[in-house]
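*Asks:* Any chance you could fold what I've pasted below:
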Amino acid sequence: MSAIRTDGLYKCYERRNWRGRVVESVEAVRGISFEVRPGETAAFIGANGAGKSTTLRLLSGVLKPTRGQASVCGHRSGTPEAAMCFGFVSGNRSVLWSHMTVRQSLEIIGAIYGLRSAERQTRIATLARELELEAFLGRRGGTLSLGERMRCEMAAAVMHHPVVLLADEPTLGLDIPTRRALRELLRGWTSSSGTTLLLTSHDVGDIESLCERTLLIAKGRVVFDGPTATLESQESRIRSIRISLREPVEAPHIADSGLRLVSMTEDEIRYEFSLEELSVDRAIRALLDQLGHRIADLRVSSPSLEECLARYMGERP
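*Replies:* Numbering: from 1, shown residues only. I've put the predicted structure just below:
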């Protein structure tokens, strides 16, 4: 049985006038179908407006699809059975009560999910230890820093022992040390518990650190679905050459060399080429012949995952 499944998921937002007639229709999700297996960690990524958050809301049951189906652990999204199977954590919203202590918020959330008092206390103690929350339990939600709050949000999301975690930009707005610490906690927790993770994030570090699989969405459709490493390796034959200049020059076109001019400033020129068309030695030789003494420094590199994602999102319709 799939942990997460969508079949032809479609969502259209309509704006109506005062007479009830549709005056504008926006297709946010267009026939998305994918499956996430139990225990899998998957990134669900794309540009702003691609349909990521809408899909997560459809999975959580907050929104109803215009067409198609979404399910969690075999239960249709929006049903009580599905709600018991997943937790939802978001960097954009809080489920903690600002005037209550973290412990009180967790107790209420546990009660909502039907946990008895003794079970709630045991669960809070376990999560406080695993997520390092001991220092925060007695503090009010409104007094927490963003990093402290996100740890507590994770505890709230998994208070009821869900087997699926939907994470929407969980490191949004965090500084670098806090972001890394939260990733370590999340990676360790999902690994030890076997929880299925579906993550949306614009931070490439989240994807590389937490997700073995990547689903890339563009204009409401999945355009790539496979191992994260595969996404990067598909561009492994591409090389980038950055040239630092001693003096400004006009953009040189290297005729029939296989070099493609990507960008140029007064201080730097960047070219790209494919190893299938041109060797590194020949590329460097062609540039030295053209620019000679005006080159102060030359660096050859493979594209990063961030560059691969940007290329994929820019080239796909």
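*Asks:* what are the pairing partners of the top strand by length along the chain, and which direction each?
*Replies:* As assigned by DSSP state E, the longest strand anywhere in the chain is strand 22-36. Applying DSSP bridges, strand 22-36 is found paired with strand 4-16 (antiparallel).
*Asks:* How about residues contacting the partner strand?
*Replies:* Contacts with strand 4-16, where a contact means Cβ atoms under 8 Å, 6 or more residues apart in numbering, come from 22-36, 51, 54-55, 58-59, 63, 65-72, 164, 196, 198. In this view, the C-beta of every residue, glycine as well, is placed from N, C-alpha and C.
*Asks:* which residues are contacting stretch 87-104?
*Replies:* Contacts of stretch 87-104 (Cβ under 8 Å, 6+ apart): 56, 60, 105, 108-109, 124, 133, 136-142, 144, 149-150, 152-160, 162, 164-174.
*Asks:* Now intersect these with the helices, please.
*Replies:* Among the contacts of stretch 87-104, the members falling in helices (DSSP state H) are 56, 60, 105, 108-109, 124, 149-150, 152-157.
*Asks:* State the pair within the residues you listed that is farthest apart.
*Replies:* Longest distance between any two of these is 26.3 Å, between 56 and 124; criterion Cβ to Cβ.
*Asks:* just to revisit the earlier point, what's the spacing between the longest strand of the chain and its chain's center?
*Replies:* Mean C-alpha position of strand 22-36 versus that of the full chain (Cα atoms, centre = their mean, to the nearest Å) differs by 19 Å.
*Asks:* Can you list the strands that whichever helix or strand comes after it pairs with?
*Replies:* Next along the chain after strand 22-36, taking DSSP states H and E as the criterion, comes strand 41-45. Under the criterion DSSP bridges, strand 41-45 sits next to strand 196-200 (parallel), strand 213-218 (parallel) in its sheet.
*Asks:* Would you mind identifying the next helix or strand past the shortest one?
*Replies:* Downstream of strand 196-200, the next assigned helix or strand under DSSP H and E is helix 204-210.
*Asks:* in that next one, what's buried?
*Replies:* 204, 206, 207, 208, 209, 210 (16 or more other Cβ atoms under 10 Å).
*Asks:* again with stretch 51-68
*Replies:* Buried-residue list, stretch 51-68, by 16+ other Cβ under 10 Å: 51-61, 63, 65-66, 68.
*Asks:* contact partners of stretch 20-37?
*Replies:* Applying Cβ under 8 Å, 6+ apart, the contact partners of stretch 20-37 are 2-17, 42, 51, 54-55, 58, 65, 68, 196, 198, 213, 215, 217, 219-222, 225.
*Asks:* pLDDT (mean, whole number) over that stretch?
*Replies:* Stretch 20-37 comes out with an average pLDDT of 87.
*Asks:* Where does the prediction get shaky in the protein?
*Replies:* Along the chain, the parts satisfying pLDDT under 70 run over 232-236, 251-257, 303-308, 310-317.
*Asks:* Which other helices and strands does the lengthiest helix in it contact?
*Replies:* Identified as the longest helix of the chain according to DSSP H is helix 176-193. Helix 176-193 sits against helix 117-130, helix 146-157, helix 204-210, with contacts defined as 3 or more Cβ pairs under 8 Å, 6 or more residues apart in numbering; DSSP states H and E.
*Asks:* How far off centre is that helix?
*Replies:* For helix 176-193, the distance to the chain centre is 14 Å (Cα atoms, centre = their mean).
*Asks:* same question, stretch 225-241
*Replies:* 18 Å.
*Asks:* ok, now stretch 81-95?
*Replies:* Distance, centroid of stretch 81-95 to centroid of chain: 16 Å (Cα atoms, centre = their mean).
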